[in-house]
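A.B. asks: here is my input, please return the structure:
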Amino acid sequence: EEASSLVRVPFPLLFTTTTAATAAATVLSMRFTHAAVYSALFVVASTTTSFASFQGVSAFAPVSTSSLRPSSLTVNANIQSPFSRTIVNKNNMAAASSSSTSLSYTVGIVGATGAVGKEIRQCLETRKNLPIDTLRIFGSSRSAGKTIDTEQYGSVTVELFDVAKARECDVVFLAVDGDFALEYAQKIAEGADGAVVIDNSSAFRYKPDIPLVVPEINGEETKKSKLIANPNCTTAIGLMALWPLIKAFGVKRVLMSTYQASSGAGQPGMDELQEGTKAYLNGEKNIEHKIFAYPLPFNVIPQIDKFQENGYTKEEMKVTWETRKICSLPEETPISCSAVRIPTIRAHSEVIVLETEKKVDLEKARQVLEDAPGVKVVDNPDKLEYPMPLTATGQYDVEVGRLRKSIAFGDYGIEFFVCGDQLLRGAALNAVLVAEAMDKNGALAEGKGASAKAEA
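C.D. replies: Below is the predicted model of the structure:
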């Protein structure tokens with residue numbers, strides 16, 4: 001899923017223990033800027049000594065190509081988050097983020113063969129903002145011993161999950177179900193020698209002592225615990241657009257309707273949709289459905305998760321509970337959600353209505369969203385440009401459009417439409433951003449003490 005075929009080669013790897021002729025040939029065989037090639041040849045001609053400790057030659061940046069997943073993420077400097085923003089469409093310059101420490105880490109992924117686990121690994125490889133010395137992948141007895149080929153870390157053998165082995169890591173991503181997380185997450189993190197754990201399940205989201213984090217909103221919370229909860233996908237996607245508007249205009253109430261892709265049920269959900277669609281088009285009348293309550297092809301299902309006593313589903317209540325916690329809103333803030341499963345593959349869509357405390361200036365609201373990290377405004381009705389799963393799939397940024405004042409709330413209301421990749425912004429990307437934030441603000445190094453390896 002990567003549009004760029006270029007490989008970034010660290011400067012020390014080019015010139016350590018190699019002859020001048022070999023190094024020159026290596027440089028010329030790769031796609032670098034002209035300046036990079038000339039600089040490389042000059043250095044090689046000047047000396048053949050080792051440059052292993054040299055870190056700062058920007059001339060060796062590969063020629064840039066457009067990416068399917070542009071990194072356009074930044075956060076308020078007040079929360080000390082590490083994200084840089086690639087603003088190709090604004091000033092055509094890319095600012096690379098860097099670690100606030102001189103450490104590199106051993107990173108573990110539990111559940112790396114699942115839909116979210118695969119995306120976590122790909123985010124780590126694509127973004128390259130978290131300095132990783134070793135990648136370890138843990139799985140069940142069915143997957144242990146298999147190898148997974150990676151671009152950055154070579155072939156990685158899947159290890160049978162073991163708490164002691166997981167604790168050897170500096171940070172562990174859990175892409176598993178809530179029962180597994182409840183049993184093992186705290187065991188992996190406990191003690192001074194435990195690992196930082198970033199959990200993608202719902203197991204710890206509502207515990208008051210466990211931070212629930214969207215880094216662009218409350219990244220400073222990562223300093224408070226070695227166990228961090230990743231939010232529900234629907235919440236994470238919606239808050240990317242909702243939070244900047246809340247900051248600008250305040251909030252009285254939020255009404256949300258969500259249209260959620262099959263990927264919300266993981267790889268089995270996506271498989272069931274695709275297989276069911278084929279069966280339907282082949283004329284089969286009884287479409288098999290084990291993941292969803294009813295066949296999903298050519299259908300919508302107004303139920304996601306179990307029904308609660310108040311008539312809402314748990315998925316809908318997650319939006320209420322998590323929005324209040326992440327945004328530090330009062331418990332009495334009215335937040336209502338209706339969640340519907342629709343037959344798309346992996347991007348969730350949301351209609352959000354915000355009743356505000358201040359009068360809404362629509363142009364100011366648009367500018368607020370234009371400036372917001374991780375948000376792409378797609379809003380040109382004259383050209384029929386608006387957010388869609390078709391265009392949001394595979395993208396890091398959340399698309400926002402259909403901006404308008406609310407007829408229901410007049411000057412004190414705004415309505416908009418949001419689309420975001422459920423597996424990325426709604427899960428894997430947010431988890432990786434959490435780790436990057438903890439690296440930047442020092443929490444990751446502090447969490448594991450001195451076990452992280454110092455870079456050369």
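A.B. asks: CA atoms for contacts and neighbours, from now on please.
C.D. replies: OK.
A.B. asks: which residues are contacting the longest strand seen in the chain?
C.D. replies: Longest strand in the chain by number of residues (criterion: DSSP state E): strand 410-421. Applying CA atoms under 8 Å, 6 or more residues apart in numbering, the external contacts of strand 410-421 come out as 237-238, 241, 346-360, 387-389, 392-407, 426.
A.B. asks: could you list which of those residues belong to strands?
C.D. replies: 347-355, 398-406.
A.B. asks: of those, just the buried ones, PyMOL syntax please.
C.D. replies: Under the burial definition 16 or more other CA atoms under 10 Å, those of these that qualify are selected in PyMOL by:
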select buried, resi 347+348+349+350+351+352+353+354+355+398+399+400+401+402+403+404+405+406
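A.B. asks: just want the angle from the following helix or strand past the longest strand of the chain to strand 410-421.
C.D. replies: Counting by DSSP states H and E, the next helix or strand C-terminal to strand 410-421 is helix 429-440. If you take axes from the mean of the first three to the mean of the last three CA atoms, to 10 degrees, helix 429-440 sits at 90 degrees to strand 410-421.
A.B. asks: other SSEs contacting helix 429-440?
C.D. replies: Helices and strands touching helix 429-440, as assessed by 3 or more CA pairs under 8 Å, 6 or more residues apart in numbering; DSSP states H and E, comprise helix 115-127, strand 196-199, helix 215-218, helix 443-448.
A.B. asks: from what I can see Y280 touches N299, true?
C.D. replies: No. Using CA atoms under 8 Å, Y280 is not in contact with N299, being 11.4 Å away.
A.B. asks: more neighbours, the two?
C.D. replies: Y280 (16 against 11; other CA atoms under 10 Å).
A.B. asks: so which of the helices and strands packed on helix 429-440 is the most packed in?
C.D. replies: strand 196-199 (a mean of 29; mean count of other CA atoms under 10 Å).
A.B. asks: residues in contact with it?
C.D. replies: 170-175, 181, 185, 188-189, 226-230, 431, 434-435, 444, 447-448.
A.B. asks: could you list which of those belong to strands?
C.D. replies: Among the contacts of strand 196-199, the members found in strands (DSSP E) are V171, V172, F173, L174, L227, I228, A229.
A.B. asks: report how many residues lie close to the fifth one.
C.D. replies: Yep, that's L227 we're talking about. If you count neighbours by other CA under 10 Å, L227 ends up with 25.
A.B. asks: before we move on, what about G266?
C.D. replies: The number of residues packed near G266 is 17, by other CA under 10 Å.
A.B. asks: got the angle for the helix or strand in which it is found vs helix 115-127?
C.D. replies: Counting by DSSP H and E, the element that carries G266 is helix 266-281. Using the same axes, to 10 degrees, the direction of helix 266-281 lies 110 degrees away from that of helix 115-127.
A.B. asks: how far is helix 266-281 from where the chain is centred?
C.D. replies: 25 Å (CA atoms, centre = their mean, to the nearest Å).
A.B. asks: do the same with stretch 225-242
C.D. replies: 10 Å.
A.B. asks: the longest strand of the chain pairs with which strands?
C.D. replies: strand 347-355 (antiparallel), strand 398-406 (antiparallel) (DSSP bridges).
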